[in-house]
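In: for reference, the sequence and a predicted model appear below.
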Amino acid sequence: MTKNKRCLSFYARIYRKILIQDLKSKMSYRADFIISTFGMVLTNIAGFMTFYILFRNFPSINGWDYYHMLFLYGFSLTALTPVQCLFDNNWNLRSMVYSGDFIKYCFRPINVFFYFISEVFDAKGLGQLAFGIGTLVYSWNRIGLPVTPLIILKLVACILTGSLFMIAIMNFAAATCFWIQGSGYVMVIMFRFKDYAKYPASIFSGIFKAVFTFVIPIAFVAYYPSLVILQPENIPLLSLLSPLLGILFFYLSYRFWMLGVRKYDFTGS
Amino acid sequence: MAEHAIEMKDICKDFKVLNRHEGLKGSIRDLFSRDYKTVSAVKDISLTVERGEIIGYLGPNGAGKSTTIKMMTGVLEPTSGSITVNGRIPYKDRKANSENIGVVFGQRSQLWWSLPLIESFKLLRDIYMVPQKDYEDMIELYRSLVDIEPILHKPVRQMSLGQRTLSDILAAFLHDPAIVFLDEPTIGLDVSMKSKIRSLISGLNSEKNTTVILTTHDMGDVDALCKRIVIIDKGMKIYDNDIEHLKSYFGSYRTLKMRIGTDEWEEIVIDEKTTDIMDIIMKKQKEKKIRDIKIEEISTEEVIKKIYEGDAK
């Protein structure tokens, strides 16, 4: 008995249906939905206040003025939305692997990573998205960047690149639970690193810059891809390569995650 | 379609377990240690399951039941031996194998937690690419077997344990798989829910000729559903035959029940070949007044207990 192959459009259709259903059920818990969205907005405002106070006192940091910094800030918030909204289930991986509940993802004729990740959609991140886009638009105006279809396309591609890097970092961090016990800390620490995404990597000293570029590529979440937009006349090589690197890095993280699934022996009941 | 639903020959499964050392020093040593010991969870199990059978798959905790089932479902690869499920080698192509099996694993719901059951069904329909007509027929069949109206539009997270188990079983049968694995489906349920679930399983089995592998510790499930039982212990198959055969094996055993004093019944299993029932009664009578006596055939539960304790060898 052969059935048609489950291709990309199949997964896209399933994913859309799960998202719609999930969103519907979330809306039905209206108070919960409103409060958590409101909470996220407050968190963002608080984060922004810190940022504002800091940079009002330093008119320029390493050649970055206030509005360029603001642009980077908005860029990082937007790029960090997908990992928050769509890949949040990675946080549950560890407990599911230890309790044995993870095995249920192995009984369906679909990709285990897809099945696992698609299960949770965190709507709270949407507040962050709105805030990020607002900040981007405002700083865009202030800097006086042109608005053409091409540059918008570039911006979207660059933001997606940043998202891929953060998603990949969290995939790697989450998948460590297949091998080591204390993997909870790995995830927490990696997630903390995202706070450095909103700073230009050029302000860090050599060693940190190298670490954030080549070891834990947090500088690729916002700094490198945003240079494509901010310095169109002088784009560094790493920025140009970042979309390709992002796809590669994400692919590697996916393979690592799946390797963990294969390696894991589901003992006990 | 393959001849047999499941065919296993001389299946073994070993696990490598790290020898752990005590204390902080030991933990650091463990980090770099290659000091493994091999634990064999399943030893030389051969098993053939025909289409449409309901098999009671029994054994004490840690006997290797889950491990065998994980090999049948393609999650684990056997260390040695050959296995085919629906004519396929399960671990070689886990996805293709899972098209044709359904799994319910104890109390772990596999449904989407926040979605109403009907939406979970629709998603499963899409995932397994079930034609709309077959899907509707299956829902009709469900309606005829069990009252699904009260749970159909309820999110899984709001369901009682019984309703959730019921939903999980329905979901496992939805794509009309050739084999369904049920791991302790009635655990923790009340009497009426248990009987509802048993009649649902037997109804689906007879309507769809689905092979059912039923793991359970509840002999009520076995009595209600299974003709054949397979018992494994310490990774080895120790019994594989009809229930009736098993009972006749213990034909000389009787369960003696005595009511002494209050409403409490005392139960003793006696082998008539070696012990005289009357002796026991006389002895008891001397100690306390016996109000009531019943002598019954040995129950499945007692038989299984005897086998676990090693009396069958």
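Out: Here it is on my side, so go on. From a predicted model like this one, the values you see are computed outputs, not experimental measurements.

In: going forward, measure contacts between C-alpha atoms and count neighbours the same way
Out: Will do.

In: near chain B, which residues of the stretch 51-200 of chain A show up?
Out: A:101, A:104, A:106-110, A:119 (CA under 8 Å from any CA of the partner chain).

In: try it again with 7 Å
Out: The stretch 51-200 of chain A has residues A:101, A:104, A:106-110 near chain B, with proximity defined as CA under 7 Å from any CA of the partner chain.

In: nearest to residue A:20 among these?
Out: Minimum distance to residue A:20 across these is 19.4 Å, recorded for residue A:110 (CA to CA).

In: what's the closest non-adjacent residue to residue A:109?
Out: residue B:95 (4.2 Å; CA to CA, 6 or more residues apart in numbering or on different chains).

In: give me the mean pLDDT for the helix or strand in which the one you found is found.
Out: Under DSSP states H and E, the secondary-structure element containing residue B:95 is helix B:94-99. The average pLDDT for helix B:94-99 rounds to 89.

In: helices and strands around that helix, which ones?
Out: Taking 3 or more CA pairs under 7 Å, 6 or more residues apart in numbering or on different chains; DSSP states H and E as contact, there are no helices or strands that helix B:94-99 lies on.

In: which strands or helices does the helix or strand following it pack on?
Out: Following helix B:94-99 in sequence order, the next helix or strand is strand B:101-105 (DSSP H and E). Packing partners of strand B:101-105 (3+ CA pairs under 7 Å, 6+ apart): helix B:161-173, strand B:179-183.

In: do that again at 10 Å, thanks
Out: Packing contacts for strand B:101-105, counted by 3 or more CA pairs under 10 Å, 6 or more residues apart in numbering or on different chains; DSSP states H and E, involve helix B:65-72, helix B:161-173, strand B:179-183, strand B:211-215.

In: would you map the strands across the chain?
Out: In the absence of a named chain, this looks at chain A. Under the criterion DSSP state E, chain A contains strands at A:60-61, A:64-65.

In: that's the other chain; I wanted chain B
Out: B:6-18, B:36-49, B:54-58, B:80-85, B:101-105, B:179-183, B:211-215, B:228-233, B:236-242, B:253-260, B:265-271, B:290-297.

In: with adjacent residues omitted, what lies nearest to residue A:79?
Out: Nearest residue to residue A:79 in three dimensions, chain neighbours excluded: residue A:163, at 4.7 Å (CA to CA, 6+ apart).

In: verify the stated contact: that neighbour with residue A:219.
Out: No: if you go by CA atoms under 10 Å, residue A:163 and residue A:219 don't touch, sitting 11.7 Å apart.

In: nearest spatial neighbour of residue 240, skipping sequence neighbours?
Out: No chain in the question, so chain A it is. The nearest residue in space to residue A:240 (CA to CA, 6+ apart) is residue A:228, at 7.2 Å.

In: not quite, I wanted chain B
Out: Among residues not flanking residue B:240 along the chain, residue B:230 sits closest, at 4.4 Å (CA to CA, 6+ apart).

In: so what are the domain limits for chain B?
Out: Using automatic domain parsing, the domains assigned to chain B come out as B:6-247, B:252-297.

In: who's in contact with the residue of chain A found nearest chain B?
Out: Closest contact between chain A and chain B, by CA to the nearest CA, is at residue A:109 (4.2 Å). Applying CA atoms under 10 Å, 6 or more residues apart in numbering or on different chains to residue A:109 gives the contacts A:6, A:115, B:93-101, B:127-128.

In: do residue B:222 as well
Out: Residue B:222 sits in contact with B:54-58, B:198, B:214-216, B:228-229, B:243, B:300-301, where contact means CA under 10 Å, 6+ apart.

In: residue contacts, the residue nearest to residue A:240?
Out: A:151, A:154-155, A:158, A:234-236, A:239-240, A:242.

In: what's the answer for residue A:92, then?
Out: A:102, A:116, A:120, A:174, A:184.

In: and residue B:179, by the same measure?
Out: Contacts of residue B:179 (CA under 10 Å, 6+ apart): B:5-6, B:51-54, B:73, B:85-86, B:98, B:100-103, B:172-173, B:205, B:209-213.

In: run the last query once more with 6 Å
Out: Contact analysis of residue B:179 by CA atoms under 6 Å, 6 or more residues apart in numbering or on different chains lists B:101, B:210-212.

In: most neighbours of all those residues, which one?
Out: residue B:212 (29 neighbours; other CA atoms under 10 Å in any protein chain shown).

In: so that residue is in contact with residue B:180, correct?
Out: Yes: using CA atoms under 6 Å, residue B:212 is in contact with residue B:180, at 4.9 Å.

In: what's the neighbour count on residue 218?
Out: In the absence of a named chain, this looks at chain A. Based on other CA under 10 Å, the number of other residues close to residue A:218 is 26.

In: um, chain B though
Out: Neighbour count of residue B:218, defined by other CA under 10 Å: 15.

In: and for residue B:273?
Out: Count around residue B:273 with other CA under 10 Å applied: 9.

In: and if you look at residue B:305?
Out: Counted with other CA under 10 Å, residue B:305 comes out at 14.

In: and the gap between it and residue A:82?
Out: Between residue B:305 and residue A:82 the computed distance is 55 Å (CA to CA, to the nearest Å).

In: tell me the confidence at residue 48?
Out: I'll assume chain A. At residue A:48, the model reports a pLDDT of 83.

In: sorry, I should have been clearer: chain B.
Out: pLDDT, residue B:48: 93.
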